[in-house]
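Q: Quick one: sequence plus predicted model below, questions after.
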Amino acid sequence: MPRDLRIYLIRHGESEANLDKSVNALLPDHRVPLSVEGLRQAAEAGEILRSHLSETALTGQASRSDFAPPKIRMWRSPYLRTRQTSDAILRALGGLTSDGGLVLDVKEKSQLREQSFGLFDGVPDQDLPKLFPREHALYQKAEQHEGRFWAPMPMGESRCDVAERVHATFGTFHRDAERHDIHDLIVVSHGVTIRAFAYAWLGYEWEWFERQPNPGNCSIWMIEGNVDRGFIHKGWSATAGHNAQEKRESGEIST
């Protein structure tokens with residue numbers, strides 16, 4: 001019987017937009033880079049993951065004559081901050097297996113990108129009712145009834161939309177396991193997207209999504225088969241000055 005998939009969900013490190021909310025007004029979301037601290041966080045998370053892998057997947061088996069290291073595939077969002085995070089983690093894991101490292105290869109999926117905030121992207125909260133009165137009122141109505149999961153951003157997405165597109169990636173993961181014996185995955189993505197992944201993979205109800213805050217920057221969340229193993233690393237909280245978009249993602253404030 002083939003073993004279950006083991007998945008490590010990792011949120012990107014602290015971004016420049018976490019430090020200065022005006023970055024969201026100047027750059028499209030896919031071009032927001034990590035801060036210097038975010039790069040440090042990613043490197044440290046990589047070391048933590050390397051230690052974890054050495055203690056679990058690799059320990060006690062290397063002495064067997066038939067032992068082959070697990071094939072670990074890294075998937076990532078194509079956004080700049082997740083590429084930078086995954087690159088730092090990859091270096092900590094020794095690079096690709098072809099160069100003596102732990103990771104077989106690195107692949108991207110657009111379905112793992114962050115939630116699109118559409119016309120709300122980069123707009124200060126206090127300006128939303130004035131600029132988008134009907135759209136803001138619709139979103140607030142959903143939020144007041146604990147239904148942020150269903151509420152779409154104008155020209156953007158709802159959290160439900162994110163969960164549905166993330167679910168579309170699961171077939172690839174299962175086929176890789178069945179056809180290529182790839183059962184260990186590292187997924188580097190974003191706060192809302194990681195929650196959407198766990199929600200869809202584990203079959204949680206949508207109310208779980210409403211209650212679940214965004215994971216910390218560079219947190220490492222482990223799922224094994226259909227079991228939520230929790231965080232092997234809780235990561236770092238966003239800085240006190242983090243932007244309104246970040247707060248909307250986590251549910252700290254309404255839009």
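A: Everything's here; your move.
Q: where along the stretch 51-200 of the chain do the strands fall?
A: 72-76, 103-108, 184-189 (DSSP state E, counting those that start in this stretch).
Q: Name every strand pairing with the first one and say which way it goes.
A: Using DSSP bridges, the neighbouring strands of strand 72-76 in the sheet come out as strand 103-108 (parallel), strand 184-189 (parallel).
Q: Turn the ones you listed into JSON lines, including mean neighbour count.
A: Using the backbone N, CA and C atoms, a C-beta is placed for each residue, glycine as well. Below are these laid out as JSON lines (neighbours: other Cβ atoms under 10 Å):
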{"stretch": "strand 103-108", "mean neighbour count": "16"}
{"stretch": "strand 184-189", "mean neighbour count": "25"}
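Q: doesn't Tyr199 make contact with Phe209?
A: Yes - contact criterion Cβ atoms under 8 Å: Phe209 and Tyr199 qualify, at 5.1 Å.
Q: which neighbours do those two share?
A: Shared contacts of Phe209 and Tyr199 (Cβ atoms under 8 Å, 6 or more residues apart in numbering): Ala163.
Q: Tell me which of the strands paired with strand 72-76 lies nearest to Tyr8.
A: Among those, the nearest to Tyr8 by Cβ to Cβ is strand 184-189 (4.8 Å).
Q: need the contact list for Cys160.
A: Per Cβ under 8 Å, 6+ apart, neighbours of Cys160: Phe149, Trp150, Trp206.
Q: one more time with 6 Å, if that's ok
A: Phe149, Trp150 (Cβ atoms under 6 Å, 6 or more residues apart in numbering).
Q: same check, this time on Asp4
A: Glu224, Gly225.
Q: Tell me the predicted confidence for it.
A: Here the pLDDT value assigned to Asp4 is 91.
Q: Show me the helices in this protein, by range?
A: For the chain, the helices defined by DSSP state H cover 16-19, 23-26, 36-55, 80-92, 128-131, 133-144, 159-167, 170-180, 191-202, 206-211, 244-250.
Q: quick one: which of the ones you listed is nearest Met74?
A: helix 80-92 (6.0 Å).
Q: From the contact counts, what lies against the closest one?
A: Counting contacts by 3 or more Cβ pairs under 6 Å, 6 or more residues apart in numbering; DSSP states H and E, helix 80-92 packs against helix 36-55, strand 72-76, strand 184-189.
Q: ok, 10 Å please
A: Applying 3 or more Cβ pairs under 10 Å, 6 or more residues apart in numbering; DSSP states H and E, one finds that helix 80-92 contacts strand 6-11, helix 16-19, helix 36-55, strand 72-76, strand 103-108, strand 184-189.
Q: Now do Trp201 against Asn24, distance only.
A: 29 Å (Cβ to Cβ, to the nearest Å).
Q: what do you get for Met222?
A: From Met222 to Asn24 the distance is 31 Å (Cβ to Cβ).
Q: Any idea how many residues pack against Gly147?
A: Close neighbours of Gly147, defined as other Cβ atoms under 10 Å, add up to 17.
Q: Find the least confident helix or strand in this structure, judged by mean pLDDT.
A: Within the chain, no helix or strand scores below helix 244-250, which has a mean of 49 by mean pLDDT, DSSP states H and E.
Q: Comparing the helices and strands packed on helix 80-92, which yields the minimum mean pLDDT?
A: Minimum mean pLDDT among these: helix 16-19, a mean of 90.
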